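K.L.:
Got a sequence here, can you build the structure:
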Amino acid sequence: MNYKFAVLALSLIILFGVAPVFAADTGDSNIAVLDLEMVVQQSEAGKSVQAAIEKREQAMVADANGFKKVLREKEQKLIKDRKAGQDDKAFEEAKKAFEAEINKSQKAMIEKNTSLEKSKLAALKDIQSRIAKISADVADERKLQIVVDRKFVVIAEQKIDITDEVLKRLNASVTSIPLK
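P.N.:
Numbering: from 1, shown residues only. Sure, this is the predicted structure:
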């Protein structure tokens, strides 16, 4: 199917003289390309955020494992007490307390995860706003009319890519962004 479409498109270009429109090479382009994702990932600030996120995630995993261990021990004690002849009323009370502790642990983990997600978004927003400011400065200096994110561009000449310059300026202005 794609082959047929390509042949049809080529036929239309030949028949109607329709050719892709490219800006004339005047040496000065008023359009630039920025690989936003790459700047976020490779910047010192982005790396510091990623390291802080990984540290928090590891702490959360350790907490979860600690909760599991404690709950497993309490569950085994509950089973042991029941097998030892614990009466129904005492067993039900212990079981309810155990289930309440499970719910409390789950809520605590969900809250920590939600907090981490909010912190990630806030840090990413901070980095992106700094990138936007730097990109605007570069656009003003180069008299650019538009800066397009690289993920929306199929092909672009390297000379209109401002990614390296924005990355360099971002690294010069900020090396870390703390997670809140």
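K.L.:
host element of the nearest residue to Ser105 once chain neighbours are set aside?
P.N.:
Spatial nearest neighbour of Ser105, chain neighbours left out: Phe67 (4.4 Å); criterion: C-beta to C-beta, 6 or more residues apart in numbering. Quick note: C-beta positions are derived from backbone N, CA and C, even for glycine. Using DSSP states H and E, Phe67 sits in helix 44-83.
K.L.:
burial measure for the residue nearest to Ser105, as a count.
P.N.:
Using other C-beta atoms under 10 Å, Phe67 has 17 other residues around it.
K.L.:
Please name the residues that touch it.
P.N.:
Listed by C-beta atoms under 8 Å, 6 or more residues apart in numbering, the contact set of Phe67 reads Ser105, Ala108, Met109.
K.L.:
If I look at the first one, what pLDDT would I see?
P.N.:
Which is Ser105. Note for Ser105: predicted pLDDT of 90.
K.L.:
any idea which residue of this protein is furthest from its center?
P.N.:
Most distant residue from the mean C-alpha position of the chain: Gly85, 53.0 Å away (C-alpha atoms, centre = their mean).
K.L.:
hang on, that residue in a strand?
P.N.:
No: counting by DSSP: H, G, I helix; E, B strand; the rest coil, Gly85 is not part of a strand but coil.
K.L.:
Let the chain start at 241 from now.
P.N.:
Done: numbering now begins at 241, and the last item shifts to Gly325.
K.L.:
hmm, back to that, name the helices or strands packed onto the helix or strand that the helix holding Phe307 is followed by?
P.N.:
Downstream of helix 284-323, the first helix or strand assigned by DSSP H and E is helix 328-382. Here helix 328-382 touches strand 271-274, helix 276-282, helix 284-323, strand 386-389, helix 403-413, going by 3 or more C-beta pairs under 8 Å, 6 or more residues apart in numbering; DSSP states H and E.
K.L.:
go with 6 Å
P.N.:
helix 284-323, helix 403-413 (3 or more C-beta pairs under 6 Å, 6 or more residues apart in numbering; DSSP states H and E).
K.L.:
now the angle between helix 403-413 and it, please.
P.N.:
With axes from the mean of the first three to the mean of the last three C-alpha atoms, to 10 degrees defining the directions, helix 328-382 sits at 110 degrees from helix 403-413.
K.L.:
re the thing from before, for the helix holding Phe307, buried residues please.
P.N.:
Glu284, Ala285, Gly286, Ser288, Val289, Ala292, Ile293, Arg296, Ala304, Phe307, Leu318 (16 or more other C-beta atoms under 10 Å).
K.L.:
Among these, which one lies nearest to Ala396?
P.N.:
For the buried residues of helix 284-323, the residue nearest Ala396 by C-beta to C-beta is Gly286; the value is 22.4 Å.
K.L.:
Nothing else from me, thank you.
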